[in-house]
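*Asks:* Provided below are the primary sequence and the corresponding predicted coordinates.
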Amino acid sequence: MFGDVIRQFGTVDILINNAGLQKDAPFTEMTLEQWNFVLGVNLTGQFLCAREAIREFLRRGVNGKSKSAGKIICMSSVHELIPWAGHANYAASKGGVMLMMKTIAQEFAPKKIRINSIAPGAIATPINHDAWDTAAHLQNLLKLIPQKRIGQVEDIGKAADWLASDDADYVNGTTIFVDGGMTLYPGFEGNG
């Protein structure tokens with residue numbers, strides 16, 4: 001994939017490391033296949049893409065298009081912080097994305113490579129369609145979101161656009177939560 005992109009465009013400047021799928025099961029019923037499949041896509045896939053992008057950034061160096069030699073934006077989830085019963089493989093994969101991102105950001109910051117994550121909350125996409133497909137499901141979901149709206153893909157796109165720009169040049173090794181406040185422990189909004 002990277003070879004094709006480099007042949008067609010000459011280099012890679014930005015990687016949006018976007019992988020996320022679910023194979024849910026109660027922990028005692030989760031199969032090794034379900035565990036490995038989710039970790040393979042959500043974490044190992046991001047590792048492989050980040051490794052190839054960094055190799056290209058190091059080969060090319062700063063090329064005058066940006067202050068950075070390259071930028072990687074990993075797509076994480078609020079579940080890098082919030083435990084999620086019945087989704088141990090997903091939460092583990094996104095927690096792994098967070099620490100992988102921080103580790104490689106630390107390693108490659110001296111080479112002018114910026115690596116950050118975006119952690120979406122509930123965004124209206126096919127992965128969580130069952131959580132907002134009816135008025136009753138949506139109202140139940142909105143109990144978890146202090147802002148009382150489900151996110152849109154444009155909310156994530158705007159954060160990615162900023163992180164990929166030189167306006168965010170001093171932002172490195174952090175996760176930006178785009179979640180309408182899901183990580184604010186909404187169960188305590190009425191004083192607990």
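*Replies:* It's in.

*Asks:* nearest residue to the residue nearest in space to the middle of the chain other than its sequence neighbours?
*Replies:* If you average the C-alpha coordinates of the chain and look for the closest C-alpha using Cα atoms, centre = their mean, you land on Met75, 1.5 Å from that point. Nearest residue to Met75 in three dimensions, chain neighbours excluded: Asn18, at 4.2 Å (Cβ to Cβ, 6 or more residues apart in numbering). The C-beta positions use only the backbone N, C-alpha and C, and glycine is treated the same way.

*Asks:* and the one you found, how far is that from Gly187?
*Replies:* 30 Å (Cβ to Cβ, to the nearest Å).

*Asks:* Comparing the two, which residue is more hemmed in?
*Replies:* Neighbours per residue (other Cβ atoms under 10 Å) separate Asn18 from Gly187, with Asn18 holding more: 14 against 9.

*Asks:* Relative to Pro26, how far out is the more buried one?
*Replies:* From Asn18 over to Pro26 the distance is 28 Å, taken as Cβ to Cβ.

*Asks:* so Lys71 touches Leu15, yeah?
*Replies:* Yes: the criterion here is Cβ atoms under 8 Å, and Lys71 meets it with Leu15 at 7.4 Å.

*Asks:* If you count surrounding residues, which of those two has more?
*Replies:* For the pair Lys71 and Leu15, the greater number of neighbours falls to Lys71 (28 against 23), based on other Cβ under 10 Å.

*Asks:* in the chain, which ranges drop under the pLDDT threshold?
*Replies:* Low-confidence segments of the chain, defined by pLDDT under 70, are located at 192.

*Asks:* any chance you could map the helices in it?
*Replies:* The residue ranges that make up the helices of the chain, judged by DSSP state H, are 2-9, 32-39, 45-60, 88-108, 135-142, 153-164.

*Asks:* Deepest-packed of those helices, please.
*Replies:* Ranked by mean neighbour count under mean count of other Cβ atoms under 10 Å, the helices of the chain are led by helix 88-108, which reaches a mean of 19.
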